[in-house]
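*Asks:* Need coordinates for the following:
(one chain, ligands or ions: 3)
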Amino acid sequence: MRTAYGVETVRAAERELMARLPDGALMQRAAAGLAAACADLLGRVYGSRVVLLTGSGDNGGDALYAGARLARRGAGVTAVLLSPERAHAGGLAALRRAGGRSVGVAGAEELIERADLVVDGIVGIGGKGGLRPEAVPLAEAAERSRAAVVAVDLPSGVDVETGEVRGAALRADLTVTFGTHKPGLLIDPAREYAGVVRLVDIGLAPPADATELEALQHADVARLLPLPSPETDKYRRGVVGIAAGSARYPGAAVLAVAGALRGGAGAVRYVGPAGDAVIARFPETLVSDGGPKKAGRVQAWVVGPGAGDDAATVAEVLAADVPVLLDADGLRLAHADAVRGRTAPTLMTPHAGEAAALLGISREEVEGARLASVRELAGRYAATVLLKGSTTLVAGAGGTGAVRVNPTGTGWLATAGSGDVLSGLAGSLLAAGLPALDAASVAAYLHGLSARFAADGAPVGAHDVAEGIPGAWRDVRG
Ligand SMILES: NC(=O)C1=CN([C@@H]2O[C@H](COP(=O)(O)OP(=O)(O)OC[C@H]3O[C@@H](n4cnc5c(N)ncnc54)[C@H](O)[C@@H]3O)[C@@H](O)[C@H]2O)[C@@H](O)CC1
Ligand SMILES: Nc1ncnc2c1ncn2[C@@H]1O[C@H](COP(=O)(O)OP(=O)(O)O)[C@@H](O)[C@H]1O
Ligand SMILES: [K+]
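*Replies:* Residues are numbered from 1 along each chain as shown. Ligands and ions are numbered 1, 2, ... in the order given. Okay, the predicted model is just below:
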């Protein structure tokens, strides 16, 4: 499991570790890791031109000590000091001893444009708000330049706690972060500014109960996948009910069923007006004519994809005492009190637009503040919430625990109907017995992986994503 921690937790863990180490040892570990990453990126250090953008804090100190290491290996290193009188004294002395030099911001843009490598040590976890005005032209020059841009700990200007980017920020190709990941490095829009993230171990050990974000990895997902035991049968594996589709959108039902058939449940029941389309494509589906109550027993329901205005069906499903996944029209039609009053788990899977409607804010506000939005929804509805989009987040019911961030997402998933596949897949995992947080995060993981395999560099349709799910399972199981 990859984990990320908030700034207060990181600082506390740093203090604890620093108390046990000689002065400055932690910064030397950070600088050594940073210099190694820079050297890897440069290929040839000797003769390369390196520019350090250096702020007044320890982030600048890391950059200066790393610059000294590169200068000792023959790089031409220039530190651009944003606050010359407050630059990290030890770091600056080390750089000068190694043959590096320092300049002010005047003329720095030209240096940056001619550099092979730019190191962003403007601010780290002590940064507040976007870049200050004097740093903005430097960040722009770095973007124009052909130099590789390496951010120290995080790209300066992004909100490391939330992934929000409120003002100007530096765009990096690589971020070398110390001790632990930070939420902003894993959540868009800040994630995009970070580029590739490389973690340098400096010995930090934050407490597990302070985890802010978790990203499942293959091994975690493999442990969670529901597998049939020798003594199983289709009912014991779990039956998932799908209440989806309409005369206008029969395809949503077909795609949700397509996802559900690949999610591990032993059977899929379908209720709704698209039974003929479903059975034509998937004859193994148990189609029933009545409403959810007449469909026979299920261990979980999915309600909403392409469902139109059928509020009665949504209410009927919400009254069932089994896990319920609410998606698309279901999110709009569900009564908040009916959701909050449920005793069995509820999983809501909005995209940013649907989340915005539920929260009474704009889509842009949700996309700018995904972490706060997903926690807020999970709190308001006392439900597990999977917020879809370029970063998919899952918050457990109540919204207070660690939030899961999906690491497998890909822009190829932004295709009509892929959300319907996801809802069927997650519903199937719920029916197979996974807790809602696991069902949602495992579904997002498999869904993203499947899209990556199916796309392989070319556009895919939602049905390709559904068909790729078994391949994603096999890959995860190794
Ligand atoms: N504490 C430790 O033991 C370690 C800290 N490390 C480094 O130290 C960093 C944190 O250092 P600091 O606490 O000194 O804080 P920073 O270096 O992040 O920045 C603090 C300074 O930047 C200024 N500042 C704040 N927001 C700004 C903005 N938007 N634009 C321009 N300037 C701004 C503040 O006035 C303050 O003086 C970490 O991110 C990491 O890089 C590493 O060396 C690892 C060990
Ligand atoms: N830019 C993106 N990067 C990664 N995944 C994305 C992006 N945009 C959308 N997705 C994913 O694609 C799926 C789209 O679902 P949804 O918005 O419900 O569409 P639909 O209703 O057409 O099925 C979700 O899983 C979402 O997380
Ligand atoms: K930085």
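*Asks:* Could you use CA atoms for every contact and neighbour count after this?
*Replies:* Fine.
*Asks:* Stretch 286-305 and ligand 2 in contact?
*Replies:* No: figure legend: stretch 286-305 not in contact with ligand 2 (C-alpha under 6 Å from any ligand atom); closest approach 7.4 Å.
*Asks:* Can you pull the poorly scored residue ranges out of this protein?
*Replies:* Applying pLDDT under 70 to the chain flags no residue at all.
*Asks:* Could you list the contact residues of it toward ligand 2?
*Replies:* Checking the chain against ligand 2 by C-alpha under 6 Å from any ligand atom, the hits are 351, 388-390, 392, 409-411, 413-420.
*Asks:* Could you measure from Gly401 over to Pro407?
*Replies:* Distance from Gly401 to Pro407, counting by C-alpha to C-alpha, to the nearest Å: 19 Å.
*Asks:* ok, these two, which is more surrounded?
*Replies:* Between Gly401 and Pro407, counting by other C-alpha atoms under 10 Å, Pro407 is the more crowded of the two (21 against 15).
*Asks:* Can you classify the more buried one as helix, strand or coil?
*Replies:* With DSSP: H, G, I helix; E, B strand; the rest coil as the basis, Pro407 sits in coil.
*Asks:* Quickly note the distance from it to ligand 1.
*Replies:* 23 Å (C-alpha to the nearest ligand atom, to the nearest Å).
*Asks:* what do you get for Ala194?
*Replies:* 14 Å.
*Asks:* hang on, the earlier thing: what about the residues of the chain next to ligand 2, which are in strands?
*Replies:* Taking DSSP state E, every one of the residues of the chain next to ligand 2 sits outside strands.
*Asks:* Which one (most neighbours) among these?
*Replies:* Among these, Asp420 has the most neighbours (other C-alpha under 10 Å), with 30 neighbours.
*Asks:* what's the nearest residue to the residue nearest the centre of the chain if we skip its chain neighbours?
*Replies:* Nearest to the mean C-alpha position of the chain, by C-alpha atoms, centre = their mean, lies Val405 at 3.7 Å. Of all residues not flanking Val405 in the chain, Leu393 sits nearest, at 4.6 Å (C-alpha to C-alpha, 6 or more residues apart in numbering).
*Asks:* I'd say that neighbour and Leu387 touch.
*Replies:* Yes: if you go by C-alpha atoms under 8 Å, Leu393 and Leu387 touch, sitting 5.3 Å apart.
*Asks:* what touches both of these two?
*Replies:* Shared contacts of Leu393 and Leu387, defined by C-alpha atoms under 8 Å, 6 or more residues apart in numbering, comprise 370, 374.
*Asks:* re earlier: next up, the contacts around the residue nearest to Val405.
*Replies:* By C-alpha under 8 Å, 6+ apart, the neighbours of Leu393 are 370-371, 374, 386-387, 403-406.
*Asks:* Please apply the same query to Gly398.
*Replies:* Contact analysis of Gly398 by C-alpha under 8 Å, 6+ apart lists 375, 378-384.
*Asks:* what does Ile279 give?
*Replies:* The neighbours of Ile279, taking C-alpha under 8 Å, 6+ apart as the test, are 285, 287.
*Asks:* tell me which element it falls in.
*Replies:* helix 275-281 (DSSP states H and E).
*Asks:* List the buried residues in stretch 290-299.
*Replies:* 291-292, 295, 298-299 (16 or more other C-alpha atoms under 10 Å).
*Asks:* Hmm, I typed the wrong one, I wanted stretch 314-321.
*Replies:* Buried residues in stretch 314-321 (16+ other C-alpha under 10 Å): 314-315, 317-320.
*Asks:* Tell me how this protein divides into domains.
*Replies:* Following automatic domain parsing, the chain resolves into domains at 2-212, 218-477.
*Asks:* Just the ones of the buried residues of stretch 290-299 in strands?
*Replies:* Among these, DSSP E puts none in strands.
*Asks:* Distance to ligand 1 added to those, as JSON lines?
*Replies:* Formatted as JSON lines, these follow (distance: C-alpha to the nearest ligand atom, whole Å):
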{"residue": "Gly291", "distance to ligand 1": "56"}
{"residue": "Pro292", "distance to ligand 1": "54"}
{"residue": "Ala295", "distance to ligand 1": "56"}
{"residue": "Val298", "distance to ligand 1": "50"}
{"residue": "Gln299", "distance to ligand 1": "47"}
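*Asks:* What is the nearest of those to Ala147?
*Replies:* Gln299 (55.6 Å; C-alpha to C-alpha).
*Asks:* what's the distance between the lengthiest helix in the chain and the middle of its chain?
*Replies:* Longest helix of the chain, by residue count under DSSP state H: helix 436-455. Relative to its chain's centre, helix 436-455 lies at 12 Å (C-alpha atoms, centre = their mean, to the nearest Å).
*Asks:* Which strands and helices lie in contact with it?
*Replies:* helix 218-224, strand 346-348, strand 384-387, strand 393-395, helix 418-431, helix 462-477 (3 or more C-alpha pairs under 8 Å, 6 or more residues apart in numbering; DSSP states H and E).
*Asks:* for ligand 1, what are the nearby residues on the stretch 1-150 of the chain?
*Replies:* So the stretch 1-150 of the chain meets ligand 1 at 14, 26-27, 30, 56-60, 62, 123-132 (C-alpha under 6 Å from any ligand atom).
*Asks:* Can you say which of those are buried?
*Replies:* 14, 26-27, 30, 56-60, 62, 123-125, 127, 130-131.
*Asks:* Quick check: chain neighbours aside, which residue is closest to the residue of the chain most remote from its centre?
*Replies:* Most distant from the centre of the chain: Arg97, at 42.0 Å, with distances by C-alpha atoms, centre = their mean. Nearest non-adjacent residue to Arg97, counting by C-alpha to C-alpha, 6+ apart: Ala68, 7.8 Å away.
*Asks:* how near is that neighbour to ligand 3?
*Replies:* To ligand 3, Ala68 is 17 Å away according to C-alpha to the ion, to the nearest Å.
*Asks:* What of Ala93?
*Replies:* As judged by C-alpha to the ion, Ala93 and ligand 3 stand 20 Å apart.
*Asks:* Closest residue of the stretch 301-450 of the chain to ligand 1?
*Replies:* Of all residues in the stretch 301-450 of the chain, Gly368 sits closest to ligand 1, at 18.1 Å by C-alpha to the nearest ligand atom.
*Asks:* Now do the same contact list for that residue.
*Replies:* Contact analysis of Gly368 by C-alpha under 8 Å, 6+ apart lists 163-165, 188-189.
*Asks:* Show me which of those are buried.
*Replies:* 163-165, 188-189.
*Asks:* Between all of those residues, which two are separated the most?
*Replies:* Val165 and Asp188, at 8.9 Å, using C-alpha to C-alpha across these.
*Asks:* Nearest to Ala244 among the buried ones among the residues of the stretch 1-150 of the chain next to ligand 1?
*Replies:* For these, the minimum distance to Ala244 (C-alpha to C-alpha) is 44.2 Å, reached by Gly130.
*Asks:* Look at the closest one and give its secondary structure.
*Replies:* coil.
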